[in-house]
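Asker: Fold the following, please.
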Amino acid sequence: MLSTKSSCNRLKQLGSIKFILFLLVSGGLFSVSSCDNNYTPKPRGYFRIALPEKKYVLLDSIYPYSFEYPATAVITNDPLSPQEKNWINIEMPAFHGRIHISYKPLSDKKSLATYTEDTRTLALKHMSKSSGIRQIAINDPKRRVYGLVYEINGLGAASPYQFYLTDSTSHFMRGSLYFDVIPNNDSLAPVIDFVKTDIQHLFETINWK
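Answerer: Numbering: from 1, shown residues only. Model (predicted):
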């Protein structure tokens, strides 16, 4: 019976076919994998995602708000809430994702408090799958745009980015980012960062009617 070390040395000297014959003749049995004791696992890799050029178009029609959205996106009505005429999806076919936009008119300060608390509750539902939630305030008195962003970190968070915007008197908008894939925010990180700049552009261009 040959030792593993001596057989590994013989493997380096003989071709693969000759080495197999050598094993059969010698009767030596050992694990070939043991010849390579310095194996280092390769890090997980992800497919490269092609990101489109940044171009925006204006959404300005029947809705009580207007803003600019990516030219590669498509605006659709929310199929799950057909009675809500001002709820839309900003569909992003290239990324298999969407920014869901819901809207409510404000009647008083009580309704504002209710909607902001509802938004917070919905964002915190992702806490169990997240490694933390970062909150970013939006405050633009000149344009009457106020709000809060929930940046949800963690590999398994189904919605990595949520927000609400309001003028504090008449309008309230909530937004959430979703993808039609199993959540893995490591592989989606370039897309999430790309779409976050589009959402930031929405913040900068929104106007109330």
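Asker: Give me the distance between Lys196 and Lys109.
Answerer: 30 Å (C-beta to C-beta, to the nearest Å). Backbone N, C-alpha and C define where each C-beta goes, glycine included.
Asker: Neighbour count for these two, which is higher?
Answerer: Lys196 (15 against 10; other C-beta atoms under 10 Å).
Asker: Now do the contacts for the nearest residue to Val195 once chain neighbours are set aside.
Answerer: Leaving aside its chain neighbours, Val195 sits nearest to Leu177 (6.2 Å; criterion: C-beta to C-beta, 6 or more residues apart in numbering). Under the criterion of C-beta atoms under 8 Å, 6 or more residues apart in numbering, the contact list for Leu177 reads 97-100, 159-162, 192, 195, 199.
Asker: Same list, those, but as a markdown table with secondary structure please.
Answerer: Formatted as a markdown table, those follow (DSSP: H, G, I helix; E, B strand; the rest coil):
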| residue | secondary structure |
| --- | --- |
| Gly97 | strand |
| Arg98 | strand |
| Ile99 | strand |
| His100 | strand |
| Ser159 | coil |
| Pro160 | coil |
| Tyr161 | strand |
| Gln162 | strand |
| Ile192 | helix |
| Val195 | helix |
| Ile199 | helix |
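Asker: Quick check: the farthest pair among these?
Answerer: Spatial extent of these (C-beta to C-beta) is set by the pair His100 and Ile192 at 15.3 Å.
Asker: related to what we said a few turns ago, which one of the contacts of Leu177 sits closest to Pro141?
Answerer: Using C-beta to C-beta, the contacts of Leu177 come closest to Pro141 at Ile199, 20.7 Å.
Asker: so the closest one makes contact with Tyr161?
Answerer: Yes - in this structure, Ile199 is within contact of Tyr161 by C-beta atoms under 8 Å, at 6.5 Å.
Asker: Would you map the helices across this protein?
Answerer: Per DSSP state H, the chain carries helices over the ranges 4-13, 16-26, 109-124, 189-205.
Asker: ranges for the strands of this structure?
Answerer: 56-59, 65-70, 74-77, 88-92, 97-105, 132-140, 145-153, 161-166, 171-179, 207-208 (DSSP state E).
Asker: Could you export those strands as CSV, including mean pLDDT and distance to Ala123?
Answerer: Listed next are the strands of the chain as CSV, based on pLDDT from 0 to 100; distance: least, C-beta to C-beta, whole Å:
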stretch, mean pLDDT, distance to Ala123
strand 56-59, 97, 24
strand 65-70, 98, 21
strand 74-77, 96, 23
strand 88-92, 97, 19
strand 97-105, 96, 13
strand 132-140, 93, 7
strand 145-153, 94, 4
strand 161-166, 97, 5
strand 171-179, 96, 8
strand 207-208, 96, 23
